[in-house]
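Colleague: Provided below are the primary sequence and the corresponding predicted coordinates.
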Amino acid sequence: MTIFEAYNNISKRLSAAGIDDSSFEARAIIRHITGLSNAEITANPMRALTEFQENNITAILRQREIRYPLQYIFGTWDFYKYKFKVGVGVLIPRSDTEILVETASDYLKDKQSPKVLDLCAGSGCIGISLAKDYPDSAVVMLEKYEEAARYINQNIELNSAYNTMLLMGDALLGDGGVIEYDLIVSNPPYIPQSEISDMNAETKFEPETALLCEGDGLLFYKTIAEKYKTALKDGGMLAFEVGFKQANAVADILKENGYKDIKKIKDYNGIERVVCALK
């Protein structure tokens, strides 16, 4: 089987399984099993695959056809400018969250030796990305669950992000807010239980604790805005990723808690995905 034949076969089977971006995933799978770049794949479509590579494709497709996440299958995933280990028990880094990192990184560009707190850190993709962007920073990542914390430690090592520290704790209890930070950033659970049926098939493999939030999905925003205000320096930024149609509500929460210069920032699909403000 050639690369061209494999690509067409993968794309066809993924599409039949209901996967929207089958072409993107087909190319990602080819890259994964061959170690070739996109340019090399394009330049060598008639290169024959080995039997091992063909068997690897078969195994991957069997998992993807039951909608097991591609990121978990690969074990690593590119996010922002860096690579992260992911697997069962940790939220998959998504491109939407890159908007949060970009917003936070832009804010930090003029800060000297900034202190950053990443709440509900998950895989550590946000905090570690900021730590890599600013080697003179000190980044604390707060995570409640041991399963996710294991990935944070692995990702600190993978990215040599030694200006970071993992702290086990619960953001809802105000853990970690004992010093003053230049930036507090969070992608908390924000999907209301009532919307679980609208989630895509892959999310059923991800930890509900990282996705679902009781009630209207705003609990973490309300709690963090209130409990962590004293942990921000004057002029410091609080930045959130928010769910679909939550931006106005989160902006109101920040206003009610006395934050200023509130901004809503759209993701690549034109959805207001980040809300940030200054103390």
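Modeller: Now that the structure is in, tell me what you want to look at.
Colleague: Burial check on Asp78, number of neighbours?
Modeller: Other residues within reach of Asp78, judged by other C-beta atoms under 10 Å, total 13. C-beta: built from backbone N, CA, C; applies to glycine.
Colleague: Pairing partners for it in the sheet, please.
Modeller: Counting by DSSP bridges, Asp78 forms beta bridges with Lys83.
Colleague: could you pull out the helices for the stretch 151-279 of the chain?
Modeller: Remark: helices assigned in the stretch 151-279 of the chain by DSSP state H, counting those that start in this stretch are 208-211, 219-227, 247-256.
Colleague: what would those look like in a markdown table with mean neighbour count?
Modeller: Shown next, in a markdown table, are the helices of the stretch 151-279 of the chain (neighbours: other C-beta atoms under 10 Å):
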| stretch | mean neighbour count |
| --- | --- |
| helix 208-211 | 17 |
| helix 219-227 | 19 |
| helix 247-256 | 18 |
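Colleague: Identify whichever of those lies nearest to Val185.
Modeller: With C-beta to C-beta as the measure, helix 219-227 is the member of the helices of the stretch 151-279 of the chain nearest Val185 (10.1 Å).
Colleague: Distance of Leu219 relative to Lys227?
Modeller: 12 Å (C-beta to C-beta, to the nearest Å).
Colleague: Just give me the residue closest to the centre of this protein.
Modeller: Closest residue to the average C-alpha location of the chain: Pro93 at 2.8 Å, with C-alpha atoms, centre = their mean.
Colleague: Low-confidence stretches in the stretch 51-200 of the chain?
Modeller: The model of the stretch 51-200 of the chain has no residue with pLDDT under 70.
Colleague: What's the local residue count around the residue nearest to Leu278 when sequence neighbours are not counted?
Modeller: In this structure, Leu278 finds its nearest non-sequential neighbour in Asp261, 4.6 Å apart by C-beta to C-beta, 6 or more residues apart in numbering. By other C-beta under 10 Å, 11 other residues sit near Asp261.
Colleague: Distance-wise, check Asp261 relative to Gly236.
Modeller: For Asp261, the distance to Gly236 - C-beta to C-beta - is 11 Å.
Colleague: okay, and the common contacts of those two?
Modeller: Leu278 (C-beta atoms under 8 Å, 6 or more residues apart in numbering).
Colleague: quick one, domains of the chain?
Modeller: When the chain is parsed with automatic domain parsing, its domains come out as 3-66, 76-278.
Colleague: Tell me which of these sits most buried.
Modeller: Ranked by mean neighbour count, the domains of the chain are led by domain 76-278 with a mean of 19 (mean count of other C-beta atoms under 10 Å).
Colleague: next one: it to chain centre, how far?
Modeller: Domain 76-278 sits 8 Å away from the centroid of its parent chain (C-alpha atoms, centre = their mean, to the nearest Å).
Colleague: same thing with stretch 2-21?
Modeller: Centroid separation for stretch 2-21 versus its chain: 26 Å, with C-alpha atoms, centre = their mean.
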